[in-house]
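[1] coordinates only, sequence not included:
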């Protein structure tokens, strides 16, 4: 069984693959109505499917309605200029702000929504500056988010 860090890397790589593909519906259509990954005949059932988890993460990112161009944050301003070393600080700052404004949402879920949405936004503005490592590092480096995902039963049960 893969470690949390290895699974996070697989999920983020799948998310990047989806973001860079021309067909935006490709990743989202890989789940069946039951929320289970589609299986080919004769394939053994697998619980962890990074493409399905990436689809769920992208849907979470879609829930973030933050207008990054209008938010006042020094770290965010740096990220929007392509200084991705500030990505983690920007996500943390934006997550705290959005969590304060939406107390019904748990911080860890907000963190995932904001980090994915910001990554999607920056990928459109300065695609050459965006790499999977940035999101992998931010998720793996946040113990609250890691604990939240593990409490849900792992990546495969996130949002089930």
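    Here it is on my side, so go on. Note that the structure is predicted; figures quoted are calculated from it, not measured.

[2] What residues of stretch 105-121 count as buried?
    Residues of stretch 105-121 classed as buried: 107-121 (neighbour count, 16 or more other Cβ atoms under 10 Å). Yep, even glycine has a C-beta here, placed from its N, CA and C like the rest.

[3] got the contact list for stretch 47-60?
    Stretch 47-60 is contacted from outside by 2, 7, 10-15, 17-19, 27-28, 30-31, 37, 109, 112-113, 116, 120, 154-156, 158-159, using Cβ atoms under 8 Å, 6 or more residues apart in numbering.

[4] so of the residues you listed, which ones are in helices?
    Taking DSSP state H, the ones among these that sit in helices are 7, 10-15, 17-19, 27-28, 109, 112-113, 116, 120.

[5] Narrow the residues you listed to those that are buried.
    Applying 16+ other Cβ under 10 Å to the ones in helices among the contacts of stretch 47-60 flags 7, 10-15, 18-19, 27-28, 109, 112-113, 116, 120 as buried.

[6] farthest pair in these?
    13 and 109 (21.7 Å; Cβ to Cβ).

[7] Run through the residues that contact residue 10.
    2, 48, 50.

[8] what do you get for residue 118?
    68, 76, 79, 87, 90-91, 94.

[9] mind listing which of those residues are in helices?
    Using DSSP H, those in helices are 76, 79, 87, 90-91, 94.

[10] For those, which entry has the maximal number of neighbours?
    residue 79 (29 neighbours; other Cβ atoms under 10 Å).

[11] Leaving out the residues flanking it, which one is nearest to that one?
    Nearest residue to residue 79, sequence neighbours excluded (Cβ to Cβ, 6 or more residues apart in numbering): residue 90, at 4.7 Å.

[12] Would you agree that neighbour is in contact with residue 78?
    Yes. Counting by Cβ atoms under 8 Å, residue 90 touches residue 78, with 7.4 Å between them.

[13] in stretch 127-145, what counts as buried?
    Here stretch 127-145 shows 130, 132, 134-136, 138-140, 142, 145 as buried, counting by 16+ other Cβ under 10 Å.

[14] So which residues make contact with it?
    Counting by Cβ under 8 Å, 6+ apart, 4-5, 8-9, 12-13, 15-16, 82, 84, 87-88, 91-92, 107-108, 111-112, 115-116, 119, 122-123, 146 sit against stretch 127-145.
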